[in-house]
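1. I need the structure of the sequence given here:
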Amino acid sequence: MNARVEDPEAPGARAASAQAPDGYDKYAFEPFAVTVDLAVFTVRGGALQVLLVERGQEPYVGHWALPGGFVLPRESAENAARRELAEETGLSGDTCAALHLEQLRTYSAPDRDPRMRVVSVAFTALVPDLPEPRGGGDAAHAQWLPCDGVGPLAFDHDLILADARDRVGAKLEYTCLATSFCPPEFTLGELQQVYETVWGTALDRPNFRRKVLATPGFVEPVPGAARLTGGRGKPAALHRAGTATALHPPLLRPEGRPA
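-> Presented below is the predicted three-dimensional model:
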């Protein structure tokens, strides 16, 4: 068998052979820490809720905060996010590993943490059916809380939460994720309630219905099925999630932003 010849121009080869230049001083710049923060949302009790932890240590002991913590020296930010989520909320490692985390942005204001210079990589997710959390690690308590009225949070987590809420709102504009928060068979009114809950604004019912039904693969009717929804009108037709994963065209928020 012929020996494999490494292509010197391949990215992996360049990375493996890369070395610090002679005389390079890695202490020339002031060191700083890297952390991760997670804004994990769900829809519960007709409200958009976020997973928060009560800090058990200073700084901000006793304050609510987003789950998160320091990235270890030989750890990626995403692996750190899943580890910290499991440690601080009691969610199982398998549950945290299965979450679809989306990187939100980096927060690097010089004084965002009173301990030292800390740069945080924030992640967000909107997920159904997560179990009840419990505190762990340096978190005294963990709980799902309604987004409206929560705060002030520790550090700059109010800013992260606001940015993350806007991101998950956009997620519903371009994907079929909203159907995950409905029963297996649902009315269009129930689907509209999910959008109104996440977006924080009322939608015009006929316009919403028209857009949903005009979007290929978003929902499909359940033949002959209907459900009484209150009032004196006729029973509402039932639908189930369609085969699409992305919405074409997108279902945009009024004015493109939540109220």
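
2. Please report how far Asp94 lies from Ala86.
-> Relative to Ala86, Asp94 is positioned 9 Å away (C-beta to C-beta, to the nearest Å). For every residue, glycine as well, the C-beta is placed using N, CA and C.

3. what sits against Cys182?
-> Glu190, Leu191, Val194, Ala241 (C-beta atoms under 8 Å, 6 or more residues apart in numbering).

4. and whatever helix or strand the second one lives in, what does it pack onto?
-> Taking DSSP states H and E as the criterion, Leu191 maps to helix 188-199. Using 3 or more C-beta pairs under 8 Å, 6 or more residues apart in numbering; DSSP states H and E as the contact criterion, the secondary-structure elements in contact with helix 188-199 are strand 33-44, strand 47-55, helix 157-174, helix 205-214, strand 236-241.

5. which SS class is Asp94?
-> helix (DSSP: H, G, I helix; E, B strand; the rest coil).

6. For it, give its distance to Val40.
-> For Asp94, the distance to Val40 - C-beta to C-beta - is 16 Å.

7. Compare those two and say which is more crowded by neighbours.
-> Neighbours were counted for Asp94 and for Val40 using other C-beta atoms under 10 Å; Val40 has more, 27 against 8.

8. just checking, the more buried one touches Glu102?
-> No: between Val40 and Glu102 there is no contact under C-beta atoms under 8 Å: 10.7 Å.

9. burial of Asp204, as a residue count?
-> The burial count for Asp204: 11, using other C-beta under 10 Å.

10. and the gap between it and Lys211?
-> 10 Å.

11. about what we covered before: just the angle between the helix holding Leu191 and strand 47-55, please?
-> For helix 188-199 against strand 47-55, the angle between stretch directions is 40 degrees (axes from the mean of the first three to the mean of the last three C-alpha atoms, to 10 degrees).
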